Structure formats: structure tokens, C-alpha cells
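**Q** Give me the fold of what follows.
(2 chains)
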Amino acid sequence: ETGVTQTPRHLVMGMTNKKSLKCEQHLGHNAMYWYKQSAKKPLELMFVYSLEERVENNSVPSRFSPECPNSSHLFLHLHTLQPEDSALYLCASSHARWAGGPNEQYFGPGTRLTVT
Amino acid sequence: RKEVEQDPGPFNVPEGATVAFNCTYSNSASQSFFWYRQDCRKEPKLLMSVYSSGNEDGRFTAQLNRASQYISLLIRDSKLSDSATYLCVVNQNGGSQGNLIFGKGTKLSVKP
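**A** Sure thing, here's the model as predicted:
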């Protein structure tokens, strides 16, 4: 399945590094999301974009910086992360709520991030 | 009270068994409801949406009780391939773009 793709699939970075996660959706959706999944915790919503406008930021530290250049692409820029930021970062997409119709979210395979 | 609460399991059942998962949610304004499944070290995948009237998809039946703020998933004739974690998900659809609130999941292990 290639509806939502994410790169890289695995990333190991030091606390002083800067890296970016990329997400691309091929489903014609116009809303995109970043989630964090840590061990033994439910998925935590980080950011929501609807029509390339950030509509939600769930009190995420500024060391995580999202970017949505168009409705098909979403980035998460990372800098000066902490070891506790190690987790699976999942991108998802859906139809925007205002568009009506189904709003189920479809997930990419995730980037497994380890901060050393 | 947690926003979406599920029994974490694990549920260990033999092939062919019928198993039911329950989920409760705290926000009475919730609008949409889903069951996702997540295999180990993989992304969540939509299993089915849950409609007010209840809905069925093959061996899977989902029910919603808005008055009790309760969602259920029934799996009949369990297969080995059903082994996964099942996530109860609620979309609050509040304000701007609604967001999904995930339960921690219920782990199912189907044994031969």
C-alpha cells in the first residue's frame, strides 16, 4: 500500500543534530497530521494541517517544527531533540472536516526515531 | 476519567472463537467512531467505522451506544491473522479540523 509514504523509516540522531521527516499522501486528501507513538502510550496528536494551514498544535515543544508546502506533503523538522523524544512518528491524512463525507485517517508506515 | 478507555488485555483465544472488545469515551460531544488495528511495529490501519445503527463487515461487528458512551467490536470465527492490537478511536470534531483520540488498545492473540 502506498497511499501515505514516510521517509526515512528509521532515523538515529544526536541531540545536536538537525533532521527532517517527510510525509507524502497520494489519496487526494486535504488534511494531514503528525502523531507521536511512544511505548505503552496511546497515539498523541502533535499537529494538524487543513488546506496547508496549521489548525492545531497540541502544545508540542518548539524543537519540533512542522511544514506543509502543499496538500500532499508534510514535513517535521527536528532540532536539539532529547532522548525522551525517541518514538515512532506517524503521519496521517484525511478529507478535511469542512469538505463533508468520510473523515477517516489513513496512516503512513512511520519513522522510528532514536535520539542518542 | 481517560478520554478513551479500553481493556488492555491481552485476550488469548483459540482459532474459531468469538471475542468482544469494549471501549468507553468521556466526551459526549464525540461525533465519529472507529476501530483501527495495529500490528506489532506497524502503523494503525482502519478496520471499520462505527455507525449509530451498528454495522457489520464480514466477521466483524461494531456497535455504538451513545447514551452509555460505549463502543464495541465483535470478532467471530477468529483467525490467526486477527492477532493484533485493536484501537478504539473517537473523533471529537470540535472547533476546526477534528482530531482523533486513541485508546491505548486491546491486544488480541489468536492461538492455533
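
**Q** From now on I want contacts and neighbour counts done on CA atoms only, so please keep to that.
**A** Fine.

**Q** which regions of chain B lie under the pLDDT threshold?
**A** Filtered on pLDDT under 70, chain B yields the residue ranges B:1-2, B:93-99.

**Q** and residue 3, what is it in contact with?
**A** Answering for chain A, as no chain was given. By CA atoms under 8 Å, 6 or more residues apart in numbering or on different chains, A:G3 lies in contact with A:25-27, A:106, A:108.

**Q** that's the other chain; I wanted chain B
**A** Counted by CA under 8 Å, 6+ apart, B:E3 has contacts B:25-27, B:101, B:103.

**Q** Can you get me a residue count around B:S28?
**A** 11 (other CA atoms under 10 Å in any protein chain shown).

**Q** what's near enough to touch the closest residue to it other than its chain neighbours?
**A** With sequence-adjacent residues excluded and distances taken as CA to CA, 6 or more residues apart in numbering or on different chains, B:S28 is closest to B:Q69, at 6.9 Å. Applying CA under 8 Å, 6+ apart to B:Q69 gives the contacts B:24-26, B:28.

**Q** what's the spacing between B:Q69 and chain A?
**A** Taking CA to the nearest CA, to the nearest Å as the measure, B:Q69 falls 19 Å from chain A.

**Q** any idea how far B:F33 is from that residue?
**A** 11 Å (CA to CA, to the nearest Å).

**Q** go on, B:I75?
**A** Taking CA to CA, one finds B:I75 at 17 Å from B:F33.
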